[in-house]
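Participant: Here is the input, now give the coordinates:
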Amino acid sequence: MKRILLFVFSFLLLFGCTSYAYASQNSADLIPMPITYDAATISVGDTVYFDSGIMNSGTADAVGFNIKWYVDDVQSGYGFHSGIPSGEIVMNGNSQFYWTPQTPGMHYIRFNVDTDNFVAESNETNNTLTIVVTVFDRENTPAPAYTDQSNTATLASSADLAALPISYDAETIVAGEPVLFKSGIRNIGAADTDDFNIMWKVNGTQAENGYGAHRGVPAGVTVTDDAGDQYQWTPQAEGTYTITFTADIDQFYPDGNTGNNTSELTVEVAGQPTVPWQTMTFIKYPLEPVLLAETQRRMGYLGPSKKYMESAAYKPYKMARAEGLFIEGDYVFVDMYYTSVGVRRTYFTRSTFHSTSNVPQVTLTGYPAVTTQNAEALYGPGAIYDLFPEASVGPDTALTVFFEEDGYVFSEYTVGSQLVRAWIDVNSVAPR
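Facilitator: The predicted structure follows:
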């Protein structure tokens, strides 16, 4: 076997970046690409060229970072890699490594990206990729596996479909909630492919709707935007699950290395969190508004005092229906149909109505919570109520939740400098 003339334990590395970064809601996610090498058989004394790449599957660009290569857990290379924009794969950056084995047997080659944690990442657990190679004594090196020259020529000109590392779009995977897994396929071979089939599996079993066609991948090209590169899964129970993605599951094409057709990821699924607040159903007590002159109005508030945002100024004669739910202090919480806007729940002073004596007094208990995604606010618990766009908020907004009703939580929070109470879909909220 010819010795490959390459540099021993060397590659050009630059050093940089001295500050750490911390993940936010928009973060990078750096994932090493499959490791390939340029020798069919490795013997003691052969210099072997290992090649990888790095994908940023996150939603933010990554600044420059450092990488490391290890052989059998011993650091053998360290250096700087330029930043990678969101959604891009870099195959020609500082992700190569030369190694000359000195002993036969099995050896572990490990590539670690962002080794010094300079980049704020949404997933810090997928920065490392390891492969195992077998090194032979030079005197006992086996003959090449393919001695038939026509077959060797076919393999040399074949495709080689490598499944990319699997990532997912949730900070925590929770039973009963959908999660989107993403992968992709790089053809590191010498031949193009036509369409082929892929398969997603969960714990070794074909996932529902996890088998289908994938468009062909030309030689040297990476595809991450085919429908088959994604799989949405809703786990039904907490536990540990293994997700696998396989390219060309039916082996339509001669493949130079079928060992890299599958990518695998183990994930932990958490159970649904137990919420501390109660689910409530209220009795509605009919109220009769005190009629004023046609031009006069009563101010509604989005909370039981004037420190809360004003809802609107309402004309009592336009209250086609007003029903009291409960009283807090001097304010009554009213479910109201107002002829010119729709159905709303809002607070009014008790003097807005002739009598509120039959409406119960309450003291609400609040529980800390946070929004988990963009949350649309409503004036009541359901689609029959008006939207409240001014009170809609983004993820990671701190809330105080009082209770749940019909799949919505009645919550208090700050919008800008104003305090409001509004209704938010319970699926957009988690206890803190």
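Participant: For the closest residue to Gly382 other than its chain neighbours, give me the pLDDT.
Facilitator: Spatial nearest neighbour of Gly382, excluding adjacent residues (Cβ to Cβ, 6 or more residues apart in numbering): Asp406 at 5.3 Å. For every residue, glycine as well, the C-beta is placed using N, CA and C. The model reports Asp406 with a pLDDT of 95.
Participant: do the one 3 residues further on as well
Facilitator: In this model, Val409 is scored at 97, pLDDT.
Participant: likewise Ala191?
Facilitator: pLDDT recorded at Ala191 is 87.
Participant: about what we covered before: ok, so what distance separates the residue nearest to Gly382 from Tyr367?
Facilitator: For Asp406, the distance to Tyr367 (Cβ to Cβ, to the nearest Å) stands at 18 Å.
Participant: Of those two, which one has the most company?
Facilitator: Shown here are Asp406 and Tyr367; by other Cβ atoms under 10 Å, Tyr367 has more neighbours (17 against 14).
Participant: and the more buried one, what are its bridge partners?
Facilitator: Val401 (DSSP bridges).
Participant: Surely it touches Pro273?
Facilitator: No. Using Cβ atoms under 8 Å, Tyr367 is not in contact with Pro273, being 12.0 Å away.
Participant: got any residues that touch both of these two?
Facilitator: Listed as contacting both Tyr367 and Pro273 by Cβ atoms under 8 Å, 6 or more residues apart in numbering are Pro431.
Participant: Please, where are all the helices along the stretch 51-200 of the chain?
Facilitator: Along the stretch 51-200 of the chain, the segments classed as helices by DSSP state H, counting those that start in this stretch run 149-156.
Participant: What ranges in it fall below the confidence cut-off?
Facilitator: In the prediction, the stretch 51-200 of the chain carries residues with pLDDT under 70 at positions 139-157.
Participant: Let's see that with 80 instead.
Facilitator: Residue ranges of the stretch 51-200 of the chain with pLDDT under 80: 138-158.
Participant: How about the residue nearest the centre of the chain: what's its closest non-neighbour residue?
Facilitator: In the chain, the residue lying closest to the centroid (Cα atoms, centre = their mean) is Asp169, at 1.5 Å. Nearest non-adjacent residue to Asp169, counting by Cβ to Cβ, 6+ apart: Leu180, 4.6 Å away.
Participant: burial of Ala270, as a residue count?
Facilitator: Ala270, neighbours per other Cβ under 10 Å, totals 13.
Participant: Now that it has come up, it's in contact with Ala175, right?
Facilitator: Yes. Contact criterion Cβ under 8 Å: Ala270 and Ala175 qualify, at 7.0 Å.
Participant: I figured Asp406 hits Pro381, correct?
Facilitator: Yes. Between Asp406 and Pro381 there is a contact under Cβ under 8 Å: 4.3 Å.
Participant: what helix or strand is Phe347 on?
Facilitator: Quick fix: residue 347 reads Tyr, not Phe. Assessed by DSSP states H and E, Tyr347 sits inside strand 342-349.
Participant: Give me the contacts around stretch 268-276.
Facilitator: Contacts to stretch 268-276, defined as Cβ under 8 Å, 6+ apart, come from residues 172-176, 235, 237-241, 367, 401, 404, 430-431.
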